[in-house]
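1. From the sequence below, what's the structure:
(chains A and B)
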Amino acid sequence: MFYPDSFQVSTPTDREIQVTRDFRAPRQLVFDAFTKPELVRRWLLGPPGWSMPVCEIDLRAGGRYRYLWRSDADGTEMGMGGIFREIVRPERLVATEKFDESWYGDEALDTTVFVEQGGITKITITVLYESTEARDTARRSGMEHGMKAGYDRLEELLSSM
Amino acid sequence: MELVGNASARLDTTFAALSDPTRRAILARLASGEASVSELAAPFRMTQPAISKHLKVLQRAGLISRDRDAQRRPSRLNAAPLAEASQWLATYRQFWETSFQRLDDLLDEMKTKKKQ
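-> Coordinates of the predicted model:
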């Protein structure tokens, strides 16, 4: 399981969260999977038990995107969306993000970079919040909207940080 | 809103305390039971004052508590702030991890289709 092992979540600065992962596929395919609604809604679902009834992507600078997730169990919905600021196919996406339920009010800026080397595409997603409080609150409110992970054991935390 | 601010500041303190490998190793050691400064210093090849400094940071972050009265002043793990920090990152990790595993399958399918 080499490719899942490449998965990393970090907090490079006090206003950012960064996710990286390698995929065994050409960059163009990975880029398509991130930007074509019929593909995005098949994988961007988080833990089992959620579907994505709304997935709209207007892939151009100034274009909007809109995602809505729904829990199979109790119908709980969670939505988010934003505006694309920059699109360099198939290398780079910059877009704002705002969750419907966010009570921190601010938008965050997502930058996704696709780099291919030797048939492996590495993606890096960096979410930049307006403040540390916004970052922590955003993740906290996400947590409270149903995607409960359960408490990790201490060793898992230590190995992941 | 004050509650949110407090919670956020608390997470900052927790993450700052966790940012050091020695402090993480100390916590891992304390997860299996309380220990005195000298017991903690031994495996790390560090002086007791150096360990004491780390313990102070962990104590300020609420990650450990220390017995005031006993002569050994053993340190013990406080699980609550750790669980909060852990859950915060764990939820984020879990969302992406499970999504990316699905994306692996989807990309395999896309590659196969492309070849046909």
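
2. switch to C-alpha atoms for all contacts and neighbour counts from now on
-> Noted.

3. Buried residues, whichever strand in chain A runs longest. List them.
-> As assigned by DSSP state E, the longest strand anywhere in chain A is strand A:77-88. Of the residues in strand A:77-88, those with enough neighbours to count as buried (16 or more other Cα atoms under 10 Å in any protein chain shown) are A:77-87.

4. what separates that strand from the chain centre, distance-wise?
-> Chain-centre distance of strand A:77-88: 10 Å, with Cα atoms, centre = their mean, to the nearest Å.

5. Stretch B:54-72 too?
-> Distance, stretch centre to chain centre, for stretch B:54-72: 16 Å (Cα atoms, centre = their mean).

6. same check, this time on stretch B:51-63
-> Between the mean C-alpha location of stretch B:51-63 and the chain-wide mean there is a distance of 13 Å, by Cα atoms, centre = their mean.

7. Kindly report the same for stretch B:91-102.
-> Offset of stretch B:91-102 from its chain centre (Cα atoms, centre = their mean): 20 Å.

8. Quick one: mean pLDDT for it?
-> Per-residue pLDDT over stretch B:91-102 has a mean of 85.

9. Where does the prediction get shaky in chain B?
-> B:1-11, B:69-70, B:84-89 (pLDDT under 70).

10. repeat that for 90
-> Scanning chain B for pLDDT under 90 picks out B:1-34, B:38-47, B:60-63, B:66-98, B:113-116.

11. follow-up on the earlier one: near chain B, anything from the longest strand of chain A?
-> No. Strand A:77-88 stays clear of chain B (Cα under 8 Å from any Cα of the partner chain), getting no nearer than 13.3 Å.

12. go on, stretch A:69-76?
-> No. Judged by Cα under 8 Å from any Cα, stretch A:69-76 stays clear of chain B, getting no closer than 12.2 Å.

13. any chance you could map the helices in chain B?
-> Under the criterion DSSP state H, chain B contains helices at B:2-18, B:21-30, B:37-44, B:48-60, B:79-115.

14. So which of the ones you listed is nearest A:T111?
-> A:T111 lies closest, by Cα to Cα, to one member of the helices of chain B: helix B:79-115, at 15.4 Å.

15. Is there contact, residue-wise, from the closest one to chain A?
-> Yes. Helix B:79-115 lies within reach of chain A by Cα under 8 Å from any Cα, at B:82-83, B:86-104, B:106-108, B:110-111.

16. which of those residues count as buried?
-> Burial by neighbour count, 16+ other Cα under 10 Å: within those this picks out B:82-83, B:86-104, B:106-107, B:110.

17. for B:Q48, what are its contacts?
-> Residues in contact with B:Q48 (Cα atoms under 8 Å, 6 or more residues apart in numbering or on different chains) are B:37-38, B:41.

18. Cool, thanks, signing off.
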